[in-house]
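A.B. asks: pasting the structure only:
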């Protein structure tokens, strides 16, 4: 398994997952590490695109004019486009406004689905402050929703093994 973190070059080997979801430092669990552990033993090549940046600085101004911030956001957008499957997790301890934005980008993005179907799979546990909104959006646009992180990974593996 190959793990690529922002802002490393996106050099995909085999099938790929983008880990979209809660990152709010100090509030969100490091669910990305859990997904990486669950994917570790698969016998085929997998690339994990993980936006959780090791050198993130929360003091960066969130502006298009800030080169580090812009690099992060553009890396994430490019990685989502290039991935085979987007695994999205909403941590109940967070607000996750960017994840909600990404859900909106991908749930109804008809030109970004694969011939095999949508590449977005969502996990939004009970307790997430906008779970009702997430449930309605995923139901309306027929986006698969997993009950927990383990099921999220299982759905993702099932999806990418069916890709041509």
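C.D. replies: Arrived safely. This is a predicted model, so every value here is computed, not measured.
A.B. asks: which helix in this protein runs the most residues?
C.D. replies: helix 67-82 (DSSP state H).
A.B. asks: Let me know the outermost residue of this protein.
C.D. replies: Most distant residue from the mean C-alpha position of the chain: residue 65, 25.1 Å away (CA atoms, centre = their mean).
A.B. asks: before we move on, what SS does it have?
C.D. replies: Per DSSP: H, G, I helix; E, B strand; the rest coil, the local secondary structure of residue 65 is coil.
A.B. asks: Would you indicate which residues of the longest helix of the chain are buried?
C.D. replies: 69, 72, 75-76, 79-80 (16 or more other CB atoms under 10 Å). In short, each C-beta sits where N, CA and C put it, glycine included.
A.B. asks: Where does pLDDT dip in the chain?
C.D. replies: 110-118 (pLDDT under 70).
A.B. asks: All the helices of it, in order from the start?
C.D. replies: Going by DSSP H, the chain shows helices at 31-39, 67-82, 97-107, 131-140, 149-161.
A.B. asks: elements contacting the third one?
C.D. replies: Identification of packing neighbours for helix 97-107 by 3 or more CB pairs under 8 Å, 6 or more residues apart in numbering; DSSP states H and E yields strand 15-21, helix 67-82, strand 85-89, strand 120-123, helix 131-140.
A.B. asks: wait, which of the ones you listed is closest to residue 9?
C.D. replies: When the helices and strands packed on helix 97-107 are compared by CB to CB, helix 67-82 sits nearest residue 9, at 9.6 Å.
A.B. asks: which residues are contacting the closest one?
C.D. replies: With contacts defined as CB atoms under 8 Å, 6 or more residues apart in numbering, helix 67-82 is touched by 4, 6-7, 10, 12, 16, 18, 20, 49, 51, 53, 56-57, 60-64, 86, 102, 105-106, 112.
A.B. asks: Now restrict these to buried residues only.
C.D. replies: Buried among the contacts of helix 67-82 by 16+ other CB under 10 Å: 4, 6, 10, 12, 16, 18, 20, 49, 51, 53, 86, 102, 106.
A.B. asks: Make CSV out of the residues you listed and add distance to residue 34.
C.D. replies: Listed next are the buried ones among the contacts of helix 67-82 as CSV, based on distance: CB to CB, whole Å:
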residue, distance to residue 34
4, 18
6, 18
10, 22
12, 22
16, 18
18, 16
20, 15
49, 16
51, 15
53, 18
86, 17
102, 19
106, 22
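A.B. asks: any idea which of those residues is closest to residue 137?
C.D. replies: Using CB to CB, those come closest to residue 137 at residue 106, 10.2 Å.
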